[in-house]
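Q: Structure for the following, please:
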Amino acid sequence: MINMVHDEARQGEAFAPAAVATDDYSRKFYIESYGCQMNFADSEIVASILQENGFGATRNFEEADLILLNTCSIREKAEQTVRKRLTEFRKLKMKRPGMLVGVLGCMAERLKGKFLEEEKLVDLVVGPDAYRTLPGLVEEAGSGQKAVNVLLSRDRPMPRSIR
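A: Have a look, this model is predicted:
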């Protein structure tokens, strides 16, 4: 059984790469996680997928080629924090146009239209059941298109906080 206790001290925590030499990778990614323990576990899955596809992890978002926020839409404060953070990343993106910014998780599903079209804060939006498609979506977004996959699986357990 997965412990989905909300740990306020971990909110916005950057993924900590294992002892892997990031210099071995030509591209770097940065992930911040918000929400329950499942989001933090999902960030590890995403990191593994990205590492298998030529990305090395970094804890410094300013050197990242891909910035991802793994989000939760359950709490209002999380949504405000994520929007503020995306605005900060948009400023960095103006200096580094090739950098990609994406939102993962349940907030991505719920607010995909706002993030992509209205506010133009992100390049890609990926729901929690679409992480395996991330390499293709990154490639799509890198070619100048908006990349979205928020299809839901019927098999994914619903967090207790929603039940």
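Q: Helix or strand with the lowest mean pLDDT in this structure?
A: Ranking every helix and strand in the chain by mean pLDDT, DSSP states H and E puts strand 13-14 at the bottom, with a mean of 68.
Q: I'd guess residue 30 is in a strand, am I close?
A: Yes - remark: residue 30 belongs to a strand, assigned using DSSP: H, G, I helix; E, B strand; the rest coil.
Q: What count of nearby residues applies to the residue nearest to it when sequence neighbours are not counted?
A: For residue 30, ignoring the flanking residues on the chain, the nearest one in space by CB to CB, 6 or more residues apart in numbering is residue 64 at 3.8 Å. The C-beta positions use only the backbone N, C-alpha and C, and glycine is treated the same way. A total of 25 residues lie near residue 64 under the criterion other CB atoms under 10 Å.
Q: pLDDT at residue 64, what is it?
A: According to the predicted model, the pLDDT of residue 64 comes to 95.
Q: again, but for residue 151
A: The confidence metric pLDDT takes the value 70 at residue 151.
Q: Run a quick check on it versus residue 128, I expect a contact.
A: No - assessed by CB atoms under 8 Å, residue 151 is found out of contact with residue 128, at 10.2 Å.
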